[in-house]
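1. my questions are about this predicted structure, shown below with the sequence.
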Amino acid sequence: MLYTIFLGSGIGRASWIKLAQNGAKVVAVDFNQTTGEETLVLIREHGGDGVFIQAYGLAVYSASKHAMIGLTKSAALEYVKKGIRINAICSGGVYTTLTQAVPLMIQETGYVPEEFPNMRMIRFADPSEIAEMVVFLASNKSSYMTGSVIVVYGGLKL
């Protein structure tokens, strides 16, 4: 099993570790070399293996988010006959170092992001909750899924 997961913190880190615990080899990609390499150490400590590649700045990160759904569906069609399953997870509101700053920003500026009143679970997701979905999609339990876009928003958009 070889999986490519992006980002060395938050969802990416939690997903890498969960996959490592399940014996996966990963290609870890992040723009931040420090967190990427730290996560690669954690992967190995949890019995996994892989390599780290430093890449994808803010523009690439943003573009990749927008392209993910189309790429997922197209690639799934191209590789299905080779036995390769390709799915995407679209998450919203995950508690990471990025979102930890939100309460302070609200306090300092008074600006409340428009999605906050619509957060039906009244909390951010823990990265491990998204990582569980990654592990599910990487397992044989999702053997009939390909080209799927899994929305894990905690009821943000219904």
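-> Alright, I've got the coordinates. Numbers count the residues shown, from 1 in each chain.
2. where are the low-confidence patches of the chain?
-> Applying pLDDT under 70 to the chain picks out residues 1-9, 56-58, 60-62, 95-107, 109, 111-122, 156-158.
3. helices of that one, start to end?
-> Using DSSP state H, the helices found in the chain span residues 10-21, 33-45, 58-79, 97-100, 102-109, 127-138.
4. of the ones you listed, which is nearest N87?
-> Smallest distance to N87 across these (CB to CB): 5.0 Å, for helix 127-138. No exception for glycine: its C-beta is placed from N, CA and C like everyone else's.
5. how about the closest one: buried residues?
-> By neighbour count on 16 or more other CB atoms under 10 Å, the buried set for helix 127-138 is 127, 129-131, 133-135, 137-138.
6. same check on stretch 59-75?
-> Buried, per 16+ other CB under 10 Å, within stretch 59-75: 72-73.
7. got a list of what G47 touches?
-> Residues counted as contacts of G47 (CB atoms under 8 Å, 6 or more residues apart in numbering) are 20-21, 23.
8. if we go to 10 Å?
-> Taking CB atoms under 10 Å, 6 or more residues apart in numbering, we find G47 in contact with 17, 20-24.
9. out of the helices of the chain, the one nearest V152 is which?
-> With CB to CB as the criterion, V152 lies closest to helix 127-138 of the helices of the chain, at 5.9 Å.
10. and the angle from the closest one to helix 10-21?
-> 50 degrees (axes from the mean of the first three to the mean of the last three CA atoms, to 10 degrees).
11. switch to numbering from 597
-> New numbering, starting at 597: the last item is helix 723-734.
12. from the contact counts, what lies against helix 723-734?
-> Applying 3 or more CB pairs under 10 Å, 6 or more residues apart in numbering; DSSP states H and E, one finds that helix 723-734 contacts strand 598-602, helix 606-617, strand 684-687, strand 745-748.
13. just the ones you listed: most buried one?
-> helix 606-617 (a mean of 23; mean count of other CB atoms under 10 Å).
14. returning to what we had before: pick the one among the contacts of G643 closest to I607.
-> Nearest member of the contacts of G643 to I607, counting by CB to CB, is I613, at 11.0 Å.
15. neighbours of the nearest residue to L673 once chain neighbours are set aside, how many?
-> Distance criterion CB to CB, 6 or more residues apart in numbering; nearest residue to L673, sequence neighbours excluded, is G743 at 6.6 Å. By the criterion of other CB atoms under 10 Å, G743 has 17 neighbours.
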